[in-house]
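J.: I'll drop the sequence and a predicted model, then ask my questions.
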Amino acid sequence: MLSVLALAVLPALILIYYVYTQDSLQREPTRNLVKAFFYGGASVFASLLISVPFMHMGLFPQEIHTTMDAFRSAFFGAAIPEETAKLVLLWFFLRKCKDFDERMDGIVYAVCVGMGFAAFENVEYLIGSGSQWVTVGISRSLTAIPGHFGFAVVMGYYFSLHYFDRYRAPLAGLKMWLYPVLLHGGYDWIAMSQEVTPELGGAIALAILLLCFGMLKWAQKHMKKHLIADSFIHTTGVDEQ
């Protein structure tokens, strides 16, 4: 059981440590990172408050037989409920967080929430996979965990823009929800399409890896943007990008 938990949680913790080390100007207190991580775990259960009613409303099927079924399941069964829950829990955490005083902080805390969600979800997947837990754990470490990391960086980037620069970026408040939903939905649509066209399994796996790689490159670029803005403010005392 401990091995299952380690394989499920360790990749998420590595990515939290990575983004923590990128916050080179003023790193966040460890207690905040831990708290945000468990907020992310809570968002797994909060997402069910959205996905279960969606399922009863017929917005997505329980079984996937067509590409449209995959689309509906990807967006209404996963992306919209999960990203909405993560954003709400991120907002609950940050609304009274006195340490949220730099743009990069939004990314750090969003990643903690996102990795908390991914870790708790991973535990569920690995326990449910029985004897295949090692294969499933390695596969998700290369795809699902980096995917959630990418969604979280996008959410945190626009969350900070909305909080610190809403007059210069008036649509950031929408983008911090919409862009993660679109990325997450697109990711899951590609992955779930394998159930409809299993003969394309290799191509689908490659597409998922390329999407994850693209999100990681985007994450590096935009973390650097927030760090440059924070550094400018630290140096000059002027809040101007």
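T.: Good, I have the coordinates.
J.: what residues does stretch 69-77 touch?
T.: Residues from elsewhere that reach stretch 69-77, judged by Cβ atoms under 8 Å, 6 or more residues apart in numbering: 51, 54-55, 59-61, 63-64, 181, 184-189, 191-193, 195-196. From N, CA and C alone the C-beta is placed, and that goes for glycine too.
J.: what about the longest helix that the chain contains, distance to the chain center?
T.: If each helix of the chain is counted by residues according to DSSP state H, the longest one is helix 201-236. Mean-position distance between helix 201-236 and its chain equals 12 Å (Cα atoms, centre = their mean, to the nearest Å).
J.: report the buried members of the contacts of stretch 69-77.
T.: By neighbour count, with 16 or more other Cβ atoms under 10 Å, the contacts of stretch 69-77 hold 51, 54-55, 60-61, 64, 181, 184-189, 191-193 as buried.
J.: and the longest helix of the chain, what's buried?
T.: 204-205, 207-208, 211-212, 215-216, 219, 222-223, 226-227, 229-230, 233.
J.: of the residues you listed, closest to Ala85?
T.: Met215 (19.7 Å; Cβ to Cβ).
J.: now do the same contact list for that closest one.
T.: Listed by Cβ under 8 Å, 6+ apart, the contact partners of Met215 are 146-147, 149-151, 153-154, 183.
J.: equivalent analysis for Ile138, please.
T.: Leu7.
J.: okay, and it sits in which element?
T.: Assessed by DSSP states H and E, Ile138 sits inside helix 133-142.
J.: counting by contacts, list what whatever helix or strand comes next after that helix packs against.
T.: Per DSSP H and E, helix 133-142 leads on to helix 144-165 as the next helix or strand towards the C-terminus. Judged by 3 or more Cβ pairs under 8 Å, 6 or more residues apart in numbering; DSSP states H and E, the packing partners of helix 144-165 are helix 2-22, helix 80-94, helix 103-128, helix 172-192, helix 201-236.
J.: mind doing that once more with 6 Å?
T.: Other helices and strands packing on helix 144-165, by 3 or more Cβ pairs under 6 Å, 6 or more residues apart in numbering; DSSP states H and E, are helix 2-22, helix 103-128, helix 172-192, helix 201-236.
J.: I appreciate the help and will end here.
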